[in-house]
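>>> here is a sequence together with a model predicted from it:
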Amino acid sequence: MQSTWRGSHRWISRMDRYLVRHVSNLPGGNHDDFFRRLSASANNGKLWIAIAAGMAAFPGKTRRAAVHGLLAQAVASAVTNGIFKTLLPRTRPLPEHLPVFRFVHPQPTSSSMPSGHSASAVAFAVGVGLVRPAIGAAVAPAAAGVAYSRVHTGAHWPSDVLFGSALGAGAALVTRHWWPVRPPIPKTQRTAASAPELPGGKGLSIVVNALGGSFTDETADALREVFPDAHIVTVRPEDGLVEQISATADTPGTKALGVWGGDGTVGAAAAAAIERSLPLLVLPGGTLNHFARDAGIGNLQQAVAAASNGEAALADVGFVTAERGLAGAPEVSELIMLNTSSIGLYPNLVRRREQLQPALGKPLAGVVAMFRTFAAGTPITLNVDGIPHRVWIAYVGRGRYYPRDHAPLLRPVLDDGVLDFRIFSADESFARLRLLWAVLTGTVASSRITHLREATDVTIHADGAPMALAVDGEALAGVRKVHYRVVPRALVYYSPQA
């Protein structure tokens, strides 16, 4: 076995010297300076970081490809420099092997085997290409040029470059399992429903919440302009919102209820609409209005078109029963849930994600927000359907949200009949490190700390201190028990996507 290894080693050395002689015999020229500069640009991964920074300006798969390329490059560099250069000491080419004008100066002092530059270059190119093949193909010539430059400048033997390139490709493939390809998000689907046509807003009563984050004095005027025949009521801070919504819904001649405001306002209006069997027109406005987004109403023009044409669809509704106070005489509150509810650190996660989203885009902002939130947070103890857990977050979505591996962002179907229930558990040993690693590598969905399931009802008890509960952005403190259930297709809402 030992003689076989020595024979293979001598064969590799002969091949290296043969190839280096041919490189040495190439005529000098501007290409010498080019390869010297290209090689230097890749020192410490600077070239790949610069390319990734440019890619990060484009959200979606391009930004995701940049992240994966850098992750693969970091792993390849660590493995090459931290492990193999120690295990495989080798002398680099000597000055007599190449013309002096081509030889790199100063010569690196670490082991020649394997080439760290080549490992990083190939890892980045392959890592990018696994997510965005076209960009990976565009980066490949630069990676190949860096790899060749290490032989051209006398920094490495050809076999060093070949082995380093193999390590880089392997690092890209391994990290692809850490950062798996997300399954495609289903297409938007709507179940059409019958609703009255409201040309000019005739038969439409609209509630406008002045406490909505984007409210101005011109908001009601803008609504009157597009719905000249509608009955529009502006609710001021001193007015009772729920009472005003009920009174507006009871206005004679009302065929449909409209609402302008955030998620909490929309939920209150939905409760009034369901009680009176009225279709609901959700208008884009307020601090956060996720239901309008999911209903396909991104602007007033879309809302006007849906209402005028009577285009409507069906949505499931979540009902949340919360108990507060003493166990013997609890104070019971029942809330409508159109979007999401959470217990634990989720409100902090959402706040951070919304702050980062303009600069990073939704997917990457969700990753960074999760990392920051869990790094600083502490778990709570809950009893979920009779099973105790220490959790970072208990999250309930009305309907399946996507992506499944990070913070939920999109909901393409509003009447799938389920609750999207997720727990990020702290039961396992080294739970915080496990969670941070899962967030960093994109393996949250497959991690042991993550429990994903679908249900039609869920019951959660506070095992110790009372819970802080959030339902569609509205907070409820001192909760000792909460029960979620879903009522299929309980709400008719206007949607141009119907």
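Done, it's in.
>>> now do the helices in the stretch 251-400 of the chain.
Taking DSSP state H, counting those that start in this stretch to define them, one finds helices in the stretch 251-400 of the chain at 263-276, 290-294, 300-309, 346-360, 362-376.
>>> ok, now which ones touch the closest residue to residue 335 other than its chain neighbours?
Counting by Cβ to Cβ, 6 or more residues apart in numbering, the nearest residue to residue 335 once its immediate chain neighbours are dropped is residue 320, at 4.4 Å. Yep, even glycine has a C-beta here, placed from its N, CA and C like the rest. Shown here is residue 320, whose contacts under the criterion Cβ atoms under 8 Å, 6 or more residues apart in numbering are 334-337, 341, 469, 471, 482-484.
>>> repeat that for 7 Å
Shown in contact with residue 320 (Cβ atoms under 7 Å, 6 or more residues apart in numbering): 334-335, 337, 341, 471, 482, 484.
>>> just the residues you listed now: which is nearest residue 144?
Nearest to residue 144, judged by Cβ to Cβ, of these is residue 341 at 52.1 Å.
>>> state the pLDDT value of that closest one.
With respect to pLDDT, residue 341 has a value of 93.
>>> ok, it - how many residues close by?
By other Cβ atoms under 10 Å, the residues close to residue 341 number 27.
>>> now do the strands in the stretch 351-498 of the chain.
Listed in chain order, the strands of the stretch 351-498 of the chain (DSSP state E, counting those that start in this stretch) span residues 380-384, 387-398, 419-425, 450-455, 457-462, 467-471, 474-494.
>>> which strands and helices sit next to the third one?
When you say that, I think you mean strand 419-425. Judged by 3 or more Cβ pairs under 7 Å, 6 or more residues apart in numbering; DSSP states H and E, the packing partners of strand 419-425 are strand 387-398, strand 450-455.
>>> again, only using 8 Å
strand 387-398, strand 450-455, strand 457-462 (3 or more Cβ pairs under 8 Å, 6 or more residues apart in numbering; DSSP states H and E).
>>> residues making contact with it?
By Cβ under 8 Å, 6+ apart, the residues outside strand 419-425 that reach it are 318, 344, 374, 384, 389-401, 408, 431, 435, 444, 448-458, 484, 486.
>>> mind giving me the PyMOL select for those residues, buried ones only?
To isolate the buried members of the contacts of strand 419-425 in PyMOL, using 16 or more other Cβ atoms under 10 Å:
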select buried, resi 318+344+374+384+389+391+392+393+394+395+396+397+398+399+400+401+408+431+435+444+449+450+451+458+484+486
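>>> next one: residue 299 from residue 273, what distance?
22 Å (Cβ to Cβ, to the nearest Å).
>>> have a look at the two and say which one is more surrounded.
residue 273 (25 against 10).
>>> just checking, that one touches residue 280?
Yes - here residue 273 lies in contact with residue 280, judged by Cβ atoms under 8 Å, at a distance of 4.3 Å.
>>> one step back: what would the helices of the stretch 251-400 of the chain look like in JSON lines with distance to residue 191 and mean pLDDT?
Output for the helices of the stretch 251-400 of the chain, formatted as JSON lines (distance: least, Cβ to Cβ, whole Å; pLDDT from 0 to 100):
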{"stretch": "helix 263-276", "distance to residue 191": "16", "mean pLDDT": "94"}
{"stretch": "helix 290-294", "distance to residue 191": "14", "mean pLDDT": "91"}
{"stretch": "helix 300-309", "distance to residue 191": "15", "mean pLDDT": "94"}
{"stretch": "helix 346-360", "distance to residue 191": "28", "mean pLDDT": "75"}
{"stretch": "helix 362-376", "distance to residue 191": "26", "mean pLDDT": "74"}
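>>> among the ones you listed, which is nearest residue 193?
Evaluated with Cβ to Cβ, the helices of the stretch 251-400 of the chain place helix 300-309 nearest to residue 193, the distance being 11.7 Å.
>>> picking up where we left off before, and the helices and strands packed on strand 419-425 as CSV, adding distance to residue 34?
CSV is the format used below for the helices and strands packed on strand 419-425 (distance: least, Cβ to Cβ, whole Å):
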stretch, distance to residue 34
strand 387-398, 52
strand 450-455, 49
strand 457-462, 63
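>>> so where do the strands sit in the stretch 101-250 of the chain?
For the stretch 101-250 of the chain, strands defined by DSSP E, counting those that start in this stretch occupy the ranges 192-193, 204-209, 231-235.
>>> most packed of these?
Comparing the strands of the stretch 101-250 of the chain by mean neighbour count (mean count of other Cβ atoms under 10 Å), strand 204-209 ranks first with a mean of 25.
>>> circling back: of all the strands of the stretch 101-250 of the chain, which one is nearest residue 263?
When these are compared by Cβ to Cβ, strand 204-209 sits nearest residue 263, at 11.0 Å.
>>> so the closest one versus helix 263-276, what angle?
With axes from the mean of the first three to the mean of the last three Cα atoms, to 10 degrees applied, the angle from strand 204-209 to helix 263-276 works out at 150 degrees.
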